[in-house]
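In: Build me a model:
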Amino acid sequence: MERQDESDDELFGGASRRDGAVEPGSPALACERSCSPQRKVSGTMRRNDNYLPVAGEEKNMDVDFINTDAMSNESIPMKNLYADEGSPLYSRLGPYFTDGRRRVDYVLAYHIQKPSSIRRQPSRFGDNGFIHRLRRSMSMRSSRAPLQPKEDPEIAAQEQRTDYNENDKRFRRDEFEENLLETGLQLEKDEGSKIPGIGFLKVHAPWNVLCREAEFMKLKMPTKKVYEVKQGSNVVEKIRLFIHKVTAPLHPKVDANRPQSVKPLSHPFSREKQHLFDLSDRDKFFDSKTRNSIVYEVLKRTKCTRAKYSMGITSLLANGVYTSAYPLHDGDIEGVNAEANDRKLLYEEWASYSVFYKYQPIGLIRKYFGEKVGLYFAWLGVYTQMLIPAAIVGVIVFLYGCATVDGNIPSMEICDPRNNITMCPLCDRACSYWKLVTACGTARASHLFDNPATVFFSIFMALWAVLFMEHWKRRQMRLNYIWDLTGFGEEEEDHNRAEYEFRVMKKTMRQDNSTPKGEKVKLTCTDRMPAYLTTVVMMGFMILVTFAIVFGVILYRISIKAALHMSTSTVARSNIRATVKTTAAIINLIIIIIMDEIYGAIARWLTTLEVPKTDKNYEERLIFKTFVLKFVNAFTPIVYLAFFRGRLVGRPGSYLYVVGSYRMEECAHAGCLMELCIQLCITMLGKQLIQNNLFEIGIPKLKKLLRRRKSDLEEEVNKTLQRHEKDHMLGPFTGLSPEYMEMIIQFGMVTLFVASFPLAPLFALLNNIIEIRLDAKKFVMELRRPIAAKAKDIGIWYNLLRGLSKVAVIVNAFVISFTSDFIPRLVYQYMYSVDGTMHGFVNHTLSYFNVSDFQPGTDPIQPMHLGYKVEICRYKDYREPPSSSTPYELSKEFWAVLAARLAFVVVFQNVVMLMSDFVDWLIPDIPKDISLQIHKEKILMVELFMKEEQGKRLAARDNHNLDNFASHSSANRSSPRARSRPAAQDVVWENEHHEREANGSPVYRV
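Out: Below is the predicted model:
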């Protein structure tokens, strides 16, 4: 075993050691001879700092080694590597160490205080305030993004930043870097960067560290064994292949996006089974995404223990020991000298608006950003693709309403001046009587969205939501197979968060005497109870705040309507309804956008109070709180318009009043569906235009213009910045939660109230086409490269989508039944109509009121506004006339319509749910060809290992036979009488040996 280990060390590029010390020429500890004495002295790491030996360093690096025999038994400290700007070391601005060979896998940035003797001359570019402003300007919507510690430790650390003395920070950095060296990582410092006050620690993972960590992390890597991927032969797969061929011009010109005819078997990496893997090109075996994730795992696992409490990378960032930590982008995008790289290819084939009509290069996105980001864009692509048929059907429904508006009998009756129907006042005192014919435009517009086709569209969208979910599940399984994620997540363990460990440590210190030895201390529900109570109280309070804001908008509508009725302006009095509806919807939109920011911060604060144990728990709790608050914020005004407005009014002579003399508002005669449509349209378009386009395009463009007003020196310096310096100027990655949340709210807009706004899928489709390219440009150009995170699904977001699709069925049933006039029309046509038509429907829905029954002080100030005295006015309701024995009581028609409405809700909900479940059952979650390929992979993997074990046994048997032959030969030399039998055995063995060589495989006979 010792010999085997030594050979492994040589294969991994291990350095030979003397008495446990690192060889002086180890590249991790090398120092450039050109370092000036001043710079050596100024570094935070001094000559007398000693580090523990670094195990297993690579020997084949072409760097300048320090060959001093006297130092062969000592550990060599890591020196700061400096080079003049004109030296060959700065000739390559890519993500490499100064030797130009070792790749920078991760970068840690920190503040430095340089002596005045070596401080650079100040310039406008070198202003620290400008640097911070530049960094902040390139961060996209960081304020509204729920933070995810797993995505970027720098973002997670900003929540609990404290001030530390510079010496303490340097002490902790030194210890942390010593511990990193112990893990085998190679480090290089750059404190002579062109960004004043910022030092960089570049981290490189050598081959042996990559292999070791890949084995610990159980990373699946491709083996030498490949097999042919056979396409399915059923009708669905043939249709899919045909569509793929037809849409070939729409596919990006990326190799990673093309269908594979052969696929290598993948197996968790093992150093003992490295002969199974193709290691011919070690530089490409672990791609940059995998290297970054490996180094990040090492960083998370490495702790500082000399301080009062253990500190990991997140705590170090929180305390300002390091200011940022990030992996590097592959290279530049623009420029004459920009080399071909995946980032540039993504920019050309994905992040450009000129390719908006093409599919996304999902394979390349996953290769560069990781599976989690790849799954988000794959889901967004499937969602946008499925919006195409929904948008087409929605447009057809809208066009059907436009085509049939002139033949709609109820709107014709309203618009007919011969009916001469006088309506009761819409408000007390200021409002007077009005003619129903003045509501002609609103009635005609309502028919565009309130017609029999909307019922069909609601059923269609319910089934569409189910088909979308099933299509995504199948697409997700296909990606899991292609990306080798079929077994991922079964044995994955998530690291504890730094905040959780800190709280556990404080609890341990308090309970040192009372806690039994060997018992593990952890946070219980009792420890978290104050945080849970705070969460419940705050969530309830913020929901009440949302209701209060909606109520305030209601009061605004009531008061502004009364004010406009009292206005002497003819223009104001002629457009009262349009003015009130539009301004109220805009106010709601502004409030929603502002409260979204507040709710995001509150959800983040509440989640931090709960101290979740792992990053996954933190993320799920944060997502749930943010979703609840933002969903209530966005949909409360819409729910009020759909189900409550016009139903809590009362009747003439007995109206319902709130806050003193404010009379609750009524719906227009054509119903509240038109106002609901206006609110949905303004909210949906406003959120997309303001939150998406303004935040993602306008503000960054404006800040770029302001930066361009700086001197030409800035552009010249930017051209000579190294890769880690350029990426430091980019904004930190804040996670995918804001992107998902934006789409989930949009999905709710599309499905929940689609019966009132059939054009919602079209607007969502147009927005998503732009959103995909906006997000692509942001990920490729504006943000630092995210840490590649593995994921086999979209997590809690799928459950939220599924829940919304179920709720959408119930909501649309109530919208059709109670908000629209669909059910009252059916009841009238089949129960009360004389000729079975809709003639007389408007008169049937209007009740009579004697104006002498007005309460004192509520009758109109100008009763002669129409030119004659009004004795009887009409209002929309099913009530008994004044001459009845029970005047103004609910009539039997009201109860008949209510029963029909409730029956429709029950029937619609159960029929659509049954159809949805049938579609869900009919479509398998896993495509048949993928299921067969996964089964085939398992069989081939078993065969591969069986052959390997058989080969080992045969090799061991060969060695045993050779040992027997040698022993028999020595015995024959000493005993001549026993020569004949071993000679015969020798002949048999040689014959078998020649037979094996002729066949190319071992053959043994019993």
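
In: for the chain, longest helix please?
Out: The residue-count maximum for a helix in the chain (DSSP state H) belongs to helix 928-974.

In: For burial, what's the neighbour tally of E666?
Out: E666 has 19 neighbours, counted by other Cβ atoms under 10 Å. Where you see a C-beta, it was placed from the backbone N, CA and C, and this is true even at glycine.

In: mind listing what it touches?
Out: L426, R645, G646, V649, K876 (Cβ atoms under 8 Å, 6 or more residues apart in numbering).

In: how close does the last one get to S883?
Out: If I follow you right, that is K876. Distance of K876 to S883, computed by Cβ to Cβ, to the nearest Å: 19 Å.

In: which of those two has more neighbours?
Out: The neighbour comparison of K876 against S883 (other Cβ under 10 Å) goes to K876, with 19 against 8.

In: I'd say that one and T845 touch.
Out: Yes - the pair K876 / T845 is scored as a contact, 5.8 Å apart, by Cβ atoms under 8 Å.

In: Double-check that K202 belongs to a strand.
Out: Yes - per DSSP: H, G, I helix; E, B strand; the rest coil, K202 lies within a strand segment.

In: Report the contact partners of it.
Out: Counting by Cβ under 8 Å, 6+ apart, K202 touches F97, V104, Y106, V107, L187, E188, K189, D190, H724.

In: For Q829, give me its contacts.
Out: Listed by Cβ under 8 Å, 6+ apart, the contact set of Q829 reads G836, T837, M838, F841.

In: ok, now with 10 Å
Out: D835, G836, T837, M838, H839, F841 (Cβ atoms under 10 Å, 6 or more residues apart in numbering).

In: Compare the residues you listed and tell me which is most surrounded.
Out: When neighbours are counted by other Cβ under 10 Å, F841 leads the contacts of Q829 with 19 neighbours.

In: gap between that one and D821?
Out: F841 sits at a distance of 9 Å from D821 (criterion: Cβ to Cβ).

In: what is in contact with those two at once?
Out: Common neighbours of F841 and D821 are listed as P410, Y828 (criterion: Cβ under 10 Å, 6+ apart).

In: Tell me where the stretch 801-950 of the chain has helices.
Out: 822-827, 841-845, 892-922, 928-974 (DSSP state H, counting those that start in this stretch).

In: the longest strand in this protein is where?
Out: The single longest strand within the chain, with elements called by DSSP state E, is strand 220-228.

In: for the helix or strand just after that strand, the distance to its chain's centre please.
Out: Next helix or strand after strand 220-228 toward the C-terminus (DSSP states H and E): helix 235-246. Relative to the centre of its chain, helix 235-246 is centred 30 Å away, using Cα atoms, centre = their mean, to the nearest Å.

In: List of residues touching the following helix or strand past helix 235-246?
Out: Once the chain leaves helix 235-246, the next helix or strand it forms, by DSSP H and E, is strand 262-268. The contact list for strand 262-268 (Cβ under 10 Å, 6+ apart) reads 214-215, 217-229, 273, 276-278, 481-487, 933, 936-938, 940-941, 943-945.

In: Just read off the phi/psi values of the most centrally placed residue in the chain.
Out: In the chain, the C-alpha nearest the mean C-alpha coordinate belongs to L736, at 2.7 Å (Cα atoms, centre = their mean). Backbone torsions of L736, given as degrees, to the nearest 10, read phi -100, psi 0.

In: Leaving out chain neighbours, which residue sits closest to it?
Out: Y376 (5.1 Å; Cβ to Cβ, 6 or more residues apart in numbering).

In: any idea how far E620 is from the one you found?
Out: From Y376 across to E620, the span is 16 Å (Cβ to Cβ).

In: neighbour-wise, which of these two wins?
Out: The residue with more neighbours, out of Y376 and E620, is Y376; 21 against 16, by other Cβ under 10 Å.

In: That one and A248: what is the separation?
Out: To A248, Y376 is 25 Å away according to Cβ to Cβ.

In: do the same with I543
Out: Counting by Cβ to Cβ, the gap from I543 to A248 is 51 Å.

In: ok, these two, which is more surrounded?
Out: Neighbour totals were compared for I543 and A248, and I543 leads with 15 against 8 (other Cβ under 10 Å).

In: how about that one, what does it touch?
Out: I543 makes contact with V628, L629, V632, N633, T636, according to Cβ under 10 Å, 6+ apart.

In: Write a ChimeraX command that selects only the buried members of the residues you listed.
Out: Isolation of the buried members of these (16 or more other Cβ atoms under 10 Å) is achieved in ChimeraX through the command below:
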select :629,632,633,636
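
In: Out of the contacts of I543, which is nearest to L564?
Out: T636 (25.3 Å; Cβ to Cβ).

In: Now name the helix or strand holding that closest one.
Out: T636 belongs to helix 615-643 when assigned by DSSP H and E.

In: by contact count, what packs against that helix?
Out: In terms of contacts (3 or more Cβ pairs under 10 Å, 6 or more residues apart in numbering; DSSP states H and E), helix 615-643 is packed against helix 153-157, helix 498-510, helix 525-566, helix 576-610, helix 673-686, helix 737-751, helix 796-814.

In: I'd like the next helix or strand past it.
Out: strand 650-651.

In: just how off-centre is the helix or strand immediately after that next one in the chain within its chain?
Out: Sequence-wise, the next helix or strand downstream of strand 650-651 (DSSP H and E) is strand 654-655. For strand 654-655, the distance from its own C-alpha centre to the chain's C-alpha centre is 51 Å (Cα atoms, centre = their mean).

In: which residues sit against strand 654-655?
Out: Contacts for strand 654-655 (Cβ under 10 Å, 6+ apart): C427, D428, V649, R663, M664, E666, D853, F854, Q855, T858, Y888.

In: Next, format those as CSV and append distance to I365 and pLDDT.
Out: Below are the contacts of strand 654-655 laid out as CSV (distance: Cβ to Cβ, whole Å; pLDDT from 0 to 100):
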residue, distance to I365, pLDDT
C427, 57, 82
D428, 61, 81
V649, 54, 83
R663, 56, 80
M664, 52, 81
E666, 52, 79
D853, 70, 88
F854, 68, 88
Q855, 67, 85
T858, 65, 84
Y888, 65, 89
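
In: CSV for these, including distance to D793?
Out: As requested, the contacts of strand 654-655 are exported to CSV (distance: Cβ to Cβ, whole Å):
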residue, distance to D793
C427, 54
D428, 57
V649, 48
R663, 52
M664, 46
E666, 48
D853, 64
F854, 63
Q855, 61
T858, 60
Y888, 58
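
In: From those, keep the buried residues only.
Out: The neighbour count (16+ other Cβ under 10 Å) marks C427, D428, V649, R663, M664, E666, F854, T858, Y888 as buried among these.

In: Closest to E237 out of those residues?
Out: For the buried ones among the contacts of strand 654-655, the nearest to E237 is E666 (57.1 Å; Cβ to Cβ).

In: K358 - how many residues pack around it?
Out: 17.

In: Tell me if it really is in a helix.
Out: No - counting by three-state DSSP, K358 is not found in a helix; it is coil.

In: where do the helices sit along the stretch 251-400 of the chain?
Out: Using DSSP H, counting those that start in this stretch, helices in the stretch 251-400 of the chain cover 282-285, 288-301, 313-318, 342-349, 362-369, 371-404.

In: Can you tell me which of the ones you listed has the worst average pLDDT?
Out: The stretch with the lowest mean pLDDT among these is helix 313-318, at a mean of 81.

In: other SSEs contacting that helix?
Out: strand 106-111, helix 153-157, helix 166-182, helix 288-301, strand 324-326, helix 498-510.

In: wait, which of the ones you listed is closest to N964?
Out: When the helices and strands packed on helix 313-318 are compared (using Cβ to Cβ), the closest one is helix 288-301, at 46.5 Å.

In: residues contacting the spatially closest residue to A585 that is not a sequence neighbour?
Out: The shortest distance from A585 to any non-neighbouring residue, by Cβ to Cβ, 6+ apart, is to I682 (4.1 Å). Taking Cβ under 10 Å, 6+ apart, we find I682 in contact with K581, T582, A584, A585, I586, N588, L589.
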